[in-house]
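Visitor: Structure of the sequence below:
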Amino acid sequence: MSRVGKYPIAVPAGIKALIEGGVFVAQAAKGEFRFPIPDGVKISLEDSKIFVASVSKDKRDRQMWGTTRAIINNGISGLVTPFCRKVELVGVGYRASMQGSDLVLQLGYSHDINFTVPKGILVKCEKPTTISVNGSDKKMVGQVVRELQNLRKPEPYKGKGVLREGQFVIRKEGKKK
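Guide: Okay, the predicted model is just below:
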């Protein structure tokens, strides 16, 4: 039995949850969360709670039971309080700024990098070396942070690059004489 899937999900006030055509939809004033219901999983809405159940005892159905419950719970909690990830730019001359809806990054290349922010994601430059990525979709926030990191991956010799807040880079020793 799934330890995660058996717990009901409480729907907070101000969020409307419904199932339409095999897709779970949660709507709030801040946005909307959509998740296609996988085969082998049944979702029911009772009072202000969401129950997720497995249709059969098949291994894949049991796996999707807990996964579906966790994804729906993250989607609803993201509508209540958006997810936030911070990114730090470490390196001489590395900085970021917003120009309209684009993020302009200077990462030690001969040119500036224009990063187009996806719809539903809010990016703020709190300092020239700190970027805050906010959004109601946890997966999308993580994807944007990963794309920013891929622009200049952390390197082990000087520790320069685009790092998640709190990320530790294992430093290597340089050449010895």
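Visitor: quick one: average pLDDT of stretch 88-101?
Guide: Within the predicted structure, the mean pLDDT of stretch 88-101 is 92.
Visitor: List the buried residues of it.
Guide: Within stretch 88-101, the residues scored as buried using 16 or more other CB atoms under 10 Å are 88-91, 94, 96. Every residue, glycine included, has its C-beta placed from N, CA and C.
Visitor: Return the alpha-carbon coordinates of it using CSV.
Guide: The C-alpha atoms that make up stretch 88-101 are tabulated as CSV, following Å, rounded to 0.1, in the frame of the first residue of the first chain:
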residue,chain,number,x,y,z
GLU,A,88,23.7,33.0,-7.3
LEU,A,89,26.2,34.1,-9.9
VAL,A,90,29.7,33.5,-8.7
GLY,A,91,32.6,35.0,-10.7
VAL,A,92,34.3,38.3,-11.5
GLY,A,93,32.0,40.4,-13.7
TYR,A,94,29.1,38.0,-13.5
ARG,A,95,25.8,39.8,-13.2
ALA,A,96,22.2,39.8,-14.2
SER,A,97,19.5,42.4,-14.9
MET,A,98,15.9,42.4,-16.2
GLN,A,99,15.1,44.2,-19.5
GLY,A,100,11.4,44.0,-20.1
SER,A,101,10.5,40.4,-19.7
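Visitor: Which elements pack onto the helix ranked longest in the chain?
Guide: For the chain, the helix reaching the highest residue count under DSSP state H is reported as helix 59-80. Counting contacts by 3 or more CB pairs under 8 Å, 6 or more residues apart in numbering; DSSP states H and E, helix 59-80 is packed against strand 9-10, strand 23-27, strand 32-36, strand 41-46, strand 49-54, helix 138-151.
Visitor: So what are the sheet partners of the helix or strand just after that helix and their directions?
Guide: Next along the chain after helix 59-80, taking DSSP states H and E as the criterion, comes strand 83-90. Within its sheet, strand 83-90 is paired with strand 130-135 (antiparallel), strand 161-164 (antiparallel), according to DSSP bridges.
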